[in-house]
Every structure is written in structure tokens, then in C-alpha cells.
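Colleague: Structural data only, the sequence is not supplied:
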């Protein structure tokens with residue numbers, strides 16, 4: 001069977017050049033037998049801000065909020081918010097991950113940076129204790 005492809009798409013205009021590239025990628029990959037899923041961040045109204053709302057249940061340290069530590073602890077106990085778990089599942093199931101976005105000031109749009117910050121948390125995407133030798137995206 002074909003590969004499972006996840007395209008994380010970050011552009012707000014459906015008539016844009018980026019939207020055209022997305023459409024062609026989906027068509028071509030589908031023709032090649034791939035199963036394609038698109039996370040259209042603007043259409044999903046994806047929340048790019050990394051906040052306390054990303055953790056369900058009690059904090060690991062309620063005295064001083066540290067996003068990295070709290071999401072790592074929440075990931076380990078299954079306490080991340082539903083939107084993050086859904087995106088993580090898409091990443092886990094994908095054989096190929098494509099990021100489609102315009103360059104804004106030599107970088108990605110804030111909504112995509114927020115997706116990376118919130119979805120690719122420690123424990124899920126990488127393991128600091130093993131540096132580059134461990135984790136999903138090793």
C-alpha cells in the first residue's frame with residue numbers, strides 16, 4: 001500500500017500560490033497511491049499560543065509554570081489537550097510529513113511555529129536524555 005502523508009498547511013488564502021501547490025501535492029500524491037491528510041491550520045483555526053490550556057488536569061509544578069516541563073509531564077500521563085493529541089496522532093501515523101507555507105520575514109508563519117511548539121513536545125517528538133538518538137523524529 002501507499003505511504004501515509006501528512007501535509008501541515010499554513011496559508012490563510014485559498015486562492016494563493018501556496019494553496020495551488022497544496023492542491024497539486026494532494027493530487028499527485030494521491031495518484032501515486034498515497035493516503036493524504038491535510039492539517040489546514042487556518043481553516044482549523046488552530047490555536048498557536050502555547051498556554052496552560054494545553055495541559056488537562058493538575059500541573060506538575062503549580063508554583064512556577066514552565067511550558068516545556070508541563071507538556072512533557074502531561075504527555076507522559078496522557079494529559080495533553082484534545083487538539084494536540086489529535087495532531088500528534090496524525091504525525092505518528094504519517095510515513096511522510098510535509099510543511100507547506102509561505103516565508104514570512106525569512107521564517108514560517110506564527111501559526112505554524114505555534115503548531116510545532118505545541119504538537120512536537122518533549123516525550124512525543126524527541127527525548128532530550130538521548131539527544132538526537134531517541135524520540136519519534138530522531
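Modeller: Cool, the structure landed. Since we're looking at a predicted model, the values are computed, not measured.
Colleague: contacts, neighbours, all on C-alpha from now
Modeller: OK.
Colleague: What is the neighbour count of the closest residue to residue 10 other than its chain neighbours?
Modeller: Using CA to CA, 6 or more residues apart in numbering and skipping the chain neighbours, the partner closest in space to residue 10 is residue 101 (5.0 Å). Residue 101 is flanked by 20 other residues according to other CA atoms under 10 Å.
Colleague: give the contact list for residue 101.
Modeller: The neighbours of residue 101, taking CA atoms under 8 Å, 6 or more residues apart in numbering as the test, are 9, 10, 11, 18, 108, 109.
Colleague: For it, give me the pLDDT.
Modeller: pLDDT recorded at residue 101 is 95.
Colleague: What residues does residue 2 make contact with?
Modeller: Taking CA under 8 Å, 6+ apart as the test, what residue 2 contacts is 32, 33, 34, 35.
Colleague: So it versus residue 43, what's the distance?
Modeller: 27 Å (CA to CA, to the nearest Å).
Colleague: Check residue 30 too.
Modeller: Residue 30 is 21 Å from residue 43, by CA to CA.
Colleague: ditto for residue 15
Modeller: 13 Å.
Colleague: wait, residue 75 sits on residue 120?
Modeller: No: in this structure, residue 75 is not within contact of residue 120 by CA atoms under 8 Å, at 10.6 Å.
Colleague: Please give the element, helix or strand, for residue 22.
Modeller: helix 17-31 (DSSP states H and E).
Colleague: Neighbour count: residue 30 and residue 43, which is higher?
Modeller: residue 30 (16 against 13).
Colleague: ok, the more buried one - contacts?
Modeller: Residue 30 touches residue 36, counting by CA under 8 Å, 6+ apart.
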